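Colleague: the following comprises the amino acid sequence and a computationally predicted model.
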Amino acid sequence: MSTPQLDELDRQLIDILSHDARVSNRKIAADLGVTEGTVRGRIKRLQQERLIAFTAITGFSLSNHAQLAFIGVQAEVGMVREVAKQIADLPLITSVMIAMGQFNILAISVFDELENLVENASDRILAIEGVHHVETSIAVKTLKYNPRVVRITEADHAVDMGE
């Protein structure tokens, strides 16, 4: 995966959209001193290259029963990427990361019934070839949740996760 080539205008555009994705192209153009067509074209290119995406992020308050769980997985070293891909395909799994530390794969799950979490963690993940150990932690109280936690800034570095 090659590093994306972003110029200063791309970076400014991304910065504006990361604060308010609903701002109009006309306002962005005026703020950046470019044409609305330039803004529209840049946004389209950034979306096509999968460098930005727009989505509505739901809050936990929409569900009285939504709970967050963190699933640590120890997988055979040579099979980590394949195991991670299989975990990512499971229902209720919202995020999967290859990691260093006690676990070489970390997954996040949002679930409403404990049986659903047990089915994913114990029955499905543990059954994947190459998985040695699964450990689950359930968040009992969320003090802070930032859905923008994965906001990428200029100082961040892209990592090839085989996507």
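Modeller: Nice, thanks for sending it over. Residues are numbered from 1 along each chain as shown.
Colleague: show me what the least confident helix or strand in the chain by mean pLDDT is packed against.
Modeller: Within the chain, no helix or strand scores below helix 114-118, which has a mean of 87 by mean pLDDT, DSSP states H and E. If contacts are counted by 3 or more Cβ pairs under 8 Å, 6 or more residues apart in numbering; DSSP states H and E, helix 114-118 sits against no helix or strand. To be clear about C-beta, it is placed using only N, CA and C from the backbone, and glycine gets the same treatment.
Colleague: buried residues, it. List them.
Modeller: 116-117 (16 or more other Cβ atoms under 10 Å).
Colleague: quick one: it to chain centroid distance?
Modeller: 22 Å (Cα atoms, centre = their mean, to the nearest Å).
Colleague: can you list contacts of it?
Modeller: 67, 69, 92, 109, 111, 136, 138 (Cβ atoms under 8 Å, 6 or more residues apart in numbering).
Colleague: one more time with 7 Å
Modeller: Residues outside helix 114-118 that contact it (Cβ atoms under 7 Å, 6 or more residues apart in numbering) are 69, 92, 109, 111, 136.
Colleague: direction included, what does the helix or strand that it is followed by pair against?
Modeller: For helix 114-118, the following helix or strand on the C-terminal side (DSSP states H and E) is strand 131-138. Strand 131-138 has its sheet partners listed here by DSSP bridges as strand 67-75 (antiparallel).
Colleague: restricting to C-alpha, output the partner strand in PDB.
Modeller: Extracted as PDB, the C-alpha positions of strand 67-75 are listed here (Å, rounded to 0.1, in the frame of the first residue of the first chain):
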ATOM      1  CA  GLN A  67     -22.700  -2.800  25.900                       C
ATOM      2  CA  LEU A  68     -19.100  -2.600  24.800                       C
ATOM      3  CA  ALA A  69     -16.700  -5.500  25.000                       C
ATOM      4  CA  PHE A  70     -13.000  -5.800  24.300                       C
ATOM      5  CA  ILE A  71     -11.800  -9.200  23.000                       C
ATOM      6  CA  GLY A  72      -8.100 -10.100  23.200                       C
ATOM      7  CA  VAL A  73      -7.000 -13.000  21.000                       C
ATOM      8  CA  GLN A  74      -3.700 -14.900  21.100                       C
ATOM      9  CA  ALA A  75      -3.200 -16.400  17.600                       C
END
